[in-house]
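K.L.:
pasting a predicted model and its sequence here:
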Amino acid sequence: MAFIFATSAVRAGFCAAMMAFALCGPVRAEEPVKPLAVTEWRAAGDKSKTRIVLEFDRAPTLHWFYLDNPHRLVIDLPDARLATGGDAPAPAGLVSAMRFGAMAANRTRLILTSDSPFVVENLDVRSEAENRHLLSLDLGASSERAFSAALDDRASITGSTRAEKSDRLGARAERADGRLSVVIDPGHGGIDAGATGVGGTAEKVITLEFAEALAKRLETDGRFVVHLTRKDDTFLALDERVRIGRQHEAALFISLHADSIGLKDLRGATVYTISEQASDELAATLADSENRADSAGGIIAPEAPTEVADILVDLVRRETQSFSMVFARTLAGELSERIQLIKNPVRSAGFRVLKAPDVPSVLVELGYLSNQGDEMQLKDPVWRAKAVDGIARAVSLFLFKPKDGVRG
Ligand SMILES: [Zn+2]
């Protein structure tokens with residue numbers, strides 16, 4: 001479960017509001033107080049993670065819950081007024097609309113609407129000054145299942161006792177049928193053709209064909225449910241790819257590419273993971289070029305949430321990162337028995353498409369279209385079958401280790 005209560009203040013607020021609703025009998029009449037002023041509200045982020053910040057002139061007590069159809073988050077505040085003078089913030093990331101208004105006497109409601117499922121990953125109120133209190137709310141893309149579970153959980157909470165939730169650590173969410181979800185991401189698409197080979201081959205075609213072959217192979221295995229981020233030649237933004245991985249609670253996310261690089265002689269497959277610091281020049285250059293893919297579709301890189309204060313999210317990320325590394329090494333090992341790899345085939349850099357904090361993710365350069373030999377191989381059905389076999393075998397080894405009682 002994904003929501004994390006960050007402060008006892010929030011819990012207390014929630015409890016107080018719940019008690020005011022139902023549990024405490026008649027509510028004591030209160031003296032009229034000056035409405036709480038919302039001095040600023042803003043949203044930033046992308047389709048995988050969005051932060052909303054509200055500033056108040058004094059500490060708010062609040063109560064929040066989910067609503068479905070469409071996916072919404074409701075935050076009830078005591079009598080509050082907008083002191084910003086402006087309109088609602090523009091939709092950002094997961095939030096497609098923000099509404100704010102009086103709901104009943106002494107109660108104001110903020111409603112955040114999303115086009116896709118999400119969960120509250122962090123909700124925190126902190127005091128910056130006597131007249132400056134910040135409500136900071138992090139929403140993360142999730143599956144429908146996780147959204148429904150969060151909705152049910154919130155509805156059933158009658159006190160603060162259940163507040164300490166674990167998170168989606170090691171999200172390897174097993175479905176009800178015992179199968180694991182694998183998301184395959186064919187790089188590029190639509191107006192973004194990706195690299196073009198010396199012989200004219202488009203990267204976006206190679207990645208889609210290869211993804212389809214890999215999906216078919218994994219489906220045949222019977223233990224995986226495979227989703228492709230795109231099934232045809234359409235443009236897909238990087239954060240949307242990340243969101244799809246989280247939506248399907250992927251146990252693994254594999255982004256497929258066949259880029260061009262400046263070195264015509266360099267050839268062979270490479271497995272990349274995410275890291276803050278690039279492992280080497282080649283990885284840094286590739287990540288830069290991949291991260292620019294959105295601009296082909298006219299998307300300006302969204303403003304990222306400025307800080308990730310929640311240490312739990314960092315922990316998830318660290319664990320996910322180490323899972324990604326284990327898979328990358330397994331994958332390089334399996335591929336090396338079947339196809340040519342570059343020297344030091346496991347590398348890392350800041351690939352945006354790999355940034356889901358809870359989904360082990362790798363980016364595979366199947367080969368480099370800047371090399372004529374690789375370009376020919378990438379189209380060769382025999383070579384493809386070997387590469388598909390290597391990846392499928394690595395997926396199986398990684399997700400069904402012998403300790404799980406099932407051999408890959
Ligand atoms: Zn690419």
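P.N.:
Good, I have the coordinates.

K.L.:
distance of residue 258 from residue 367?
P.N.:
6 Å (Cβ to Cβ, to the nearest Å). C-beta: built from backbone N, CA, C; applies to glycine.

K.L.:
list residues touching both of these two?
P.N.:
374, 378 (Cβ atoms under 8 Å, 6 or more residues apart in numbering).

K.L.:
for the stretch 201-350 of the chain, what lies in contact range of the ion?
P.N.:
For the stretch 201-350 of the chain, the residues in contact with the ion (Cβ under 5 Å from the ion) are 257, 259.

K.L.:
any low-confidence regions in the stretch 201-350 of the chain?
P.N.:
Applying pLDDT under 70 to the stretch 201-350 of the chain picks out residues 300-316.

K.L.:
after the helix or strand encompassing residue 206, which helix or strand is next?
P.N.:
Per DSSP states H and E: residue 206 is located in helix 203-221. Later in the chain than helix 203-221, the nearest helix or strand by DSSP H and E is strand 224-228.

K.L.:
give me the neighbour count for residue 320.
P.N.:
By the measure other Cβ atoms under 10 Å, the count of residues near residue 320 is 24.

K.L.:
helices of the stretch 1-150 of the chain, start to end?
P.N.:
With helices called from DSSP state H, counting those that start in this stretch, the stretch 1-150 of the chain shows them at 8-18, 144-156.

K.L.:
what helices or strands is the helix or strand following the last one leaning on?
P.N.:
What it means is helix 144-156. Counting by DSSP H and E, the next helix or strand C-terminal to helix 144-156 is strand 180-186. The contact analysis (3 or more Cβ pairs under 8 Å, 6 or more residues apart in numbering; DSSP states H and E) places strand 180-186 against helix 203-221, strand 224-228, helix 238-247, strand 252-257, helix 381-399.

K.L.:
let's see 10 Å
P.N.:
helix 203-221, strand 224-228, helix 238-247, strand 252-257, strand 361-365, helix 381-399 (3 or more Cβ pairs under 10 Å, 6 or more residues apart in numbering; DSSP states H and E).

K.L.:
Serialize the ones you listed to TSV and add fields for mean neighbour count.
P.N.:
Output for those, formatted as TSV (neighbours: other Cβ atoms under 10 Å):
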stretch	mean neighbour count
helix 203-221	20
strand 224-228	19
helix 238-247	26
strand 252-257	27
strand 361-365	28
helix 381-399	19
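
K.L.:
which residues touch the closest residue to residue 190 other than its chain neighbours?
P.N.:
What sits nearest to residue 190 in space, not counting adjacent residues and going by Cβ to Cβ, 6 or more residues apart in numbering, is residue 235, at 3.1 Å. Contacts for residue 235 (Cβ atoms under 10 Å, 6 or more residues apart in numbering) come out as 188-193, 204, 293-294, 296-299.

K.L.:
which helices and strands sit right next to the helix holding residue 206?
P.N.:
strand 180-186, strand 224-228, strand 252-257, strand 361-365, helix 372-378, helix 381-399.

K.L.:
any bit of the first one sitting next to the ion?
P.N.:
No. In terms of Cβ under 5 Å from the ion, no part of strand 180-186 sits within range of the ion; the closest distance is 9.7 Å.

K.L.:
so residue 197 touches residue 374, yeah?
P.N.:
Yes. Counting by Cβ atoms under 10 Å, residue 374 is a contact partner of residue 197 at 8.2 Å.

K.L.:
now do the shared contacts for the two.
P.N.:
By Cβ under 10 Å, 6+ apart, residue 197 and residue 374 have these common neighbours: 258, 260, 367, 368.

K.L.:
isn't there a strand covering the second one?
P.N.:
To tie it back to what came earlier, the one meant is residue 260. No. Applying DSSP: H, G, I helix; E, B strand; the rest coil, one finds residue 260 to be coil, outside a strand.

K.L.:
surely it meets residue 378?
P.N.:
No. Look at residue 260 against residue 378 with Cβ under 10 Å: they stay out of range, at 12.0 Å.

K.L.:
quick one, which of those two is more surrounded?
P.N.:
Per other Cβ under 10 Å, whichever of residue 260 and residue 378 has more neighbours is residue 378, with 24 against 20.

K.L.:
could you check how many residues crowd around the residue lying closest to residue 188 once chain neighbours are set aside?
P.N.:
Distances taken as Cβ to Cβ, 6+ apart put residue 194 closest to residue 188, at 3.4 Å, once the chain neighbours are dropped. Residue 194 has 23 neighbours, counted by other Cβ under 10 Å.
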